[in-house]
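>>> What follows is a predicted protein model with its sequence.
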Amino acid sequence: MNKLDTALVTAAISKAGFEPADDVKEADVVLINTCSVREHAEQRVLSHLGHLKHIKENKPELIVGIIGCMAQRLGKKLLAHETVDIVCGPAQIPQIVRLVNEALNGSKAAIAVTEKIREKTNAEQNRALDDFESVFDTDKTIPAQAYVRVMHGCDNFCTYCIVPYVRGPEISRPPKVIIDQIEKLAQKGVKQVTLLGQRVNAYKYTAGEKTYCLADLLYLASKVNVIERIRFVTSYPSAEFFDEILKAMADLPKVCNYLHMPAQSGSDKILAAMNRHYTAGQYLKLLATAGEVVPDIALSGDFMVGFPGETEDDFQQTLELVKKAQYKNCFVFKYSPRPGTSAEKRMQNDVPKEVKKRRNIELLAAQEKISDELSRQFLRKEVKVLVEGLSKKPHLKSPRDGSNPQLIGRTARDYIVVFNGPESLAGEFAKVKITKTTALTLFGELL
Ligand code: 5AD
Ligand code: SF4
């Protein structure tokens, strides 16, 4: 979501005549897109602001803007920070150009946040967001790929989560607007779209007699020429629409056989305290069904360690679930209390820091073993990747001997593939033979 918002804002301000600066010291305006999901992410923004404060001492005309979830969460409090000139919440990004211009013209109150974030947004605001998304829609950082938001916000209220309070209520965008946007992206050469929603599989839109679900969107998007791959994230473990979505995945060759479905914990007690509405058994059943309907499906998940009240036994149950699920990879986070959430208000953050750290390491180590084994299956096999661009490592990006640089691509099942090839392949499909594997990366030769 944040990557998409950054791309939208970048496109909007570029269209208004601004150019990206190579270095922060050369910039007239610095915009920081922010995440509030864990405290650590917010602390990094604050330390970045400390750095900008020094730059601003020598260059008082520098404009600093905070956009995204932290802007929505802190609002005026952030504007009170001496370094900050602009505060803009995620639902207000269509106003970013106006806010930047106001700040450049000396306004000290360039702020746009949603007053009552949990109230259903009015039709006008929705239309402004839809227009903004539809016009400014390509992410230049990864060629031939784009994110398409299919829904805003979340109504699930997991007890630890800040998202419903910063991104507002769950609203599905009209299917016509989404498909028109995908068609426009295809005309610009986009080959892969990723449909985005906090609970993307809860997508539901009623138009006349018909109620559309995510599976309907997948069928409609599959009809768009040029688009060759369709992904969707993030799926919530729920039986609603699940069979329809799996069937669409199995039926439609363009839909990637990849499912990111966070479990968060393997303990029923913790899952209930998190307000997740499922048990570990029900979750595993969903995965089993997915494996039956889409036999070569690749799975990934999110887990949280150190949620209030998590005992060693609860953690062991999480470890067991991870071993049973056989994810290709998973993301593990240490519980971080978020202001205003029900866990922060009603539960004790009682798992010591060191214990969280140890559980995090242990869970990742168990997953690494599984990832390593799953990756090995690709040895000597051919895979088709969509090339994302050059490797981030400078010496491999432009080898001194003039040989081909190292490229990064991704398979339909979301495996990262590293190989040497001409830079012109970025945004193209390529076939690669795998010669070496590690837990998270496949290495190979361009065919
Ligand atoms: N503390 C730690 N991790 C969190 N996540 C969400 N809220 C918190 C929190 N308060 C994790 C969840 C979610 C991922 C995006 O971030 O695992 O799936
Ligand atoms: Fe947060 Fe839960 Fe909604 Fe995901 S489903 S965004 S974890 S409240």
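It's in. Ligands and ions are numbered 1, 2, ... in the order given.
>>> Can you report how many residues neighbour Gly402?
By other CB atoms under 10 Å, 6 other residues sit near Gly402. The C-beta positions use only the backbone N, C-alpha and C, and glycine is treated the same way.
>>> Quick check: it vs Val387, distance?
Using CB to CB, to the nearest Å, one obtains 20 Å as the distance from Gly402 to Val387.
>>> now Lys323
Distance of Lys323 to Val387, computed by CB to CB: 34 Å.
>>> More neighbours: which of those two?
Comparing Lys323 with Val387 by other CB under 10 Å, the one with more neighbours is Val387, at 26 against 14.
>>> beta partners for the more buried one?
Beta-bridge partners recorded for Val387 (DSSP bridges): Gly409.
>>> Contact partners for the residue nearest to Ala128 when sequence neighbours are not counted?
Residue nearest to Ala128 in three dimensions, not counting chain neighbours: Pro94, with 4.6 Å by CB to CB, 6 or more residues apart in numbering. Going by CB atoms under 8 Å, 6 or more residues apart in numbering, Pro94 touches 12, 128-129, 131-132.
>>> what does Ala439 give?
So Ala439 contacts 329, 368-369, 371-372, 375 (CB under 8 Å, 6+ apart).
>>> I'd like the average pLDDT over the host helix or strand of Thr10.
Counting by DSSP states H and E, the element that carries Thr10 is helix 2-15. Taken as a whole, helix 2-15 has a mean pLDDT of 92.
>>> tell me what it is packed against?
Contacts defined by 3 or more CB pairs under 8 Å, 6 or more residues apart in numbering; DSSP states H and E place helix 2-15 against strand 29-34, strand 63-68, helix 96-104, helix 123-135, strand 145-149.
>>> among the ones you listed, which gets the worst mean confidence?
Note on the helices and strands packed on helix 2-15: lowest mean pLDDT is at helix 123-135, with a mean of 79.
>>> now the helix holding Thr10 against strand 145-149, angle please.
Orientation check (axes from the mean of the first three to the mean of the last three CA atoms, to 10 degrees): helix 2-15 against strand 145-149 gives 100 degrees.
>>> Need the residues that contact helix 2-15.
20, 29, 31, 33, 35, 67-68, 90, 93-94, 96-97, 100, 132-133, 136-141, 147, 149, 196.
>>> Tell me if it is near ligand 1.
No: judged by CB under 6 Å from any ligand atom, helix 2-15 stays clear of ligand 1, getting no closer than 10.8 Å.
>>> Give me every residue in this protein that's in contact range of ligand 1.
37-38, 160-161, 262, 264, 302, 304, 333, 335-336, 338.
>>> among those residues, which are within reach of ligand 2?
Okay, of those touching ligand 2 (CB under 6 Å from any ligand atom), that's Cys161.
>>> which residues does the residue nearest to Cys213 when sequence neighbours are not counted contact?
Once flanking residues are discounted, Cys213 sits nearest to Phe241: 4.5 Å by CB to CB, 6+ apart. Shown in contact with Phe241 (CB under 8 Å, 6+ apart): 201-204, 213-215.
>>> Which of the residues you listed fall within strands?
Cross-referencing the contacts of Phe241 against strands under DSSP state E gives 204, 213.
>>> Greatest separation within the contacts of Phe241: which pair is it?
Greatest spatial distance in these: Ala202 and Ala215, 12.3 Å, computed using CB to CB.
>>> I'd like to know how far the spatially closest residue to Thr279 that is not a sequence neighbour sits from ligand 2.
Spatial nearest neighbour of Thr279, chain neighbours left out: Asp268 (4.7 Å); criterion: CB to CB, 6+ apart. Distance, Asp268 to ligand 2, using CB to the nearest ligand atom, to the nearest Å: 17 Å.
>>> In this structure Asp268 contacts His277, no?
No: in this structure, Asp268 is not within contact of His277 by CB atoms under 8 Å, at 11.5 Å.
>>> Give the other helices and strands that the longest helix along the chain contacts.
Using DSSP state H to define each element, the chain has its longest helix at helix 353-376. Using 3+ CB pairs under 8 Å, 6+ apart as the contact test, the elements touching helix 353-376 are strand 298-305, helix 312-325, strand 329-334, strand 429-437.
>>> Now with 7 Å, please.
Secondary-structure packing of helix 353-376 (3 or more CB pairs under 7 Å, 6 or more residues apart in numbering; DSSP states H and E): strand 298-305, helix 312-325, strand 329-334.
>>> what is the mean pLDDT for it?
98.
>>> May I see the helices and strands packed on helix 353-376 arranged in CSV, with mean pLDDT and distance to Lys356 as well?
Listed next are these as CSV, based on pLDDT from 0 to 100; distance: least, CB to CB, whole Å:
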stretch, mean pLDDT, distance to Lys356
strand 298-305, 98, 6
helix 312-325, 98, 10
strand 329-334, 98, 4
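>>> most distant residue from the middle of the chain?
Each residue of the chain has a distance to the centre, and by CA atoms, centre = their mean the biggest one is for Asp401: 37.3 Å.
>>> Can you tell me which of the residues of the chain next to ligand 1 are buried?
37-38, 160-161, 262, 264, 304, 333, 335-336, 338 (16 or more other CB atoms under 10 Å).
>>> Now the two most distant members of these.
Pro262 and Arg338 (16.5 Å).
>>> Which parts of the stretch 201-350 of the chain are helices?
214-222, 242-251, 268-273, 280-293, 312-325, 342-346 (DSSP state H, counting those that start in this stretch).
>>> which one of those is the most hemmed in?
helix 214-222 (a mean of 20; mean count of other CB atoms under 10 Å).
>>> list the helices and strands it packs on?
helix 175-187, strand 229-233, helix 242-251.
>>> Compare the ones you listed and report which one is nearest to Glu362.
Comparing these under CB to CB, the one sitting nearest is strand 229-233, at 26.1 Å.
>>> residues in contact with that closest one?
191-196, 200, 214, 218, 221-222, 254-256, 258, 260, 386, 412 (CB atoms under 7 Å, 6 or more residues apart in numbering).
>>> What is the burial count for His277?
Residues near His277, counting by other CB under 10 Å, number 13.
>>> Any figure for the gap between it and Ser238?
Counting by CB to CB, the gap from His277 to Ser238 is 7 Å.
>>> One more: Lys254?
24 Å.
>>> now do Glu373
For Glu373, the distance to Ser238 - CB to CB - is 29 Å.
>>> And these two? Which one has more around it.
When Glu373 and Ser238 are compared for neighbours, Ser238 comes out ahead with 18 against 12, by other CB under 10 Å.
>>> Fine, thanks again, bye for now.
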